[in-house]
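Asker: Sequence and predicted model, in that order:
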Amino acid sequence: AYAQGQVIQALVEAQAPHALALVQGEQRLSYGELNQRANRLAHHLIARGVLLGDRVALCLARGPQRLIAMLAVLKAGAAYVPVDPAYPAERIAYLLSDSAPTLVLVEAATAGLVGEVASVAIDSDAWLDQPDSNPVVEGLDEQQLAYVIYTSGSTGQPKGVMVEHRTLANLVHWHCQAFELGAGSQTSSVAGFGFDAMAWEAWPALCAGATLHLPPAHIGGEHVDELLDWWLEQPLHVSFLPTPVAEQALRRERQHPTLRTLLVGGDRLRHFERDPGFQLVNNYGPTETTVVATSGVLQPGGALHIGKPTANTRVYVLDEQRQPVPVGVTGEL
């Protein structure tokens, strides 16, 4: 069992202020700087009318400012809704309509994408004179929403999945324990903003005092070779790659020199034949189960399984009548 009653931002606030939190190219942000900037923005959001339990959309490119915004929204007592600026205009409009955010956080390059929704430009200096103390929001506890992620809906329209602080905190604690992530660890965030894996990359790292390395903003999901070139140059210990990207990485002649554990997920793994010099962990879970439900270490040339349930999780194999099947009988998870 893990400590109960924790909100995510409190875990980030507890980190050593001089430790390095975020790196993107020449940009570096300590935990102290991350916390102070997020506090100023959170106080500004509260002043703009954001209340406990509200939703605040984020339409921001990859970079430190996106992590500052995510943290600030939680500190204001709200839940963040990621809106990837690379999405088609119709999808952006749908997400903003369906999630009904109080505000949307934008920057100069994305301000024109969000239509008539009330917005705050995080690259303006309007909020820089706000207090840098941790905000106190009455009623903010682990049962409040942390974020809303939109998945591909079975009816055609994406559907919003609401994730609370308590289930996100469970993911954070399990991840840090399972993969030995702590102060001084080096990890990365490569997943697309609209995918739940991005929360899995970011929050355990920032709640553990690790350093999170971000690829350059211009490297999108379609630039796999460029992304892997960048990835191989980072001093990483633990890293996630979407399964198709990981398969390309494993096929390369040169393997990662410092990596201890590679986490994969998001698609079915098809090949793992030779030892890359680090541990490969396959992960499975729908967004509704807070990113990961099962996880397991794979052996080169062995069965490509999805492992065992994560901490405080149970999985059931059921038949078409939703009844448990006997051992050895095929069913649905």
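Answerer: Noted; the coordinates are in hand.
Asker: and A202, which of the three is it?
Answerer: Look at A202: counting by DSSP: H, G, I helix; E, B strand; the rest coil, its state is helix.
Asker: How about it: what's its closest non-neighbour residue?
Answerer: Closest residue in space to A202, ignoring its immediate chain neighbours: S189 at 5.5 Å, by C-beta to C-beta, 6 or more residues apart in numbering. Bear in mind the C-beta positions are built from the backbone N, C-alpha and C, glycine included.
Asker: Would you mind listing where the chain has pLDDT under the threshold?
Answerer: Across the chain, residues meeting the criterion (pLDDT under 70) sit at 1-2, 153-155, 288.
Asker: and the spatially most central residue of the chain, what is it in contact with?
Answerer: Centroid check for the chain by C-alpha atoms, centre = their mean gives A199 as the closest residue, at 1.3 Å. Neighbour list for A199: 147, 149, 163, 168, 291 [criterion: C-beta atoms under 8 Å, 6 or more residues apart in numbering].
Asker: out of these, which are inside helices?
Answerer: Of the contacts of A199, the ones assigned to helices by DSSP state H are L168.
Asker: Tell me how far the residue nearest to A202 lies from G139.
Answerer: Separation of S189 from G139 (C-beta to C-beta, to the nearest Å) stands at 30 Å.
Asker: more crowded one of those two?
Answerer: Neighbour comparison, S189 and G139: the larger count goes to S189, with 24 against 10 (by other C-beta atoms under 10 Å).
Asker: how far does stretch 173-193 stretch from start to finish?
Answerer: End-to-end distance for stretch 173-193, by C-alpha to C-alpha, to the nearest Å: 22 Å.
Asker: Could you list the buried residues of that stretch?
Answerer: Buried residues in stretch 173-193, counted by 16 or more other C-beta atoms under 10 Å: 173-176, 178-179, 181, 185-193.
Asker: Let me know the secondary structure of the residue nearest to the centre of the chain.
Answerer: A199 ends up helix, using three-state DSSP.
Asker: correct me, but T290 touches L168?
Answerer: Yes. Between T290 and L168 there is a contact under C-beta atoms under 8 Å: 6.1 Å.
Asker: D84 and L140: what is the separation?
Answerer: Counting by C-beta to C-beta - D84 and L140 are separated by 27 Å.
Asker: can you tell me which residues contact the closest residue to S185 other than its chain neighbours?
Answerer: Among residues not flanking S185 along the chain, A210 sits closest, at 3.9 Å (C-beta to C-beta, 6+ apart). Neighbouring residues of A210 by C-beta under 8 Å, 6+ apart: 181-187, 204.
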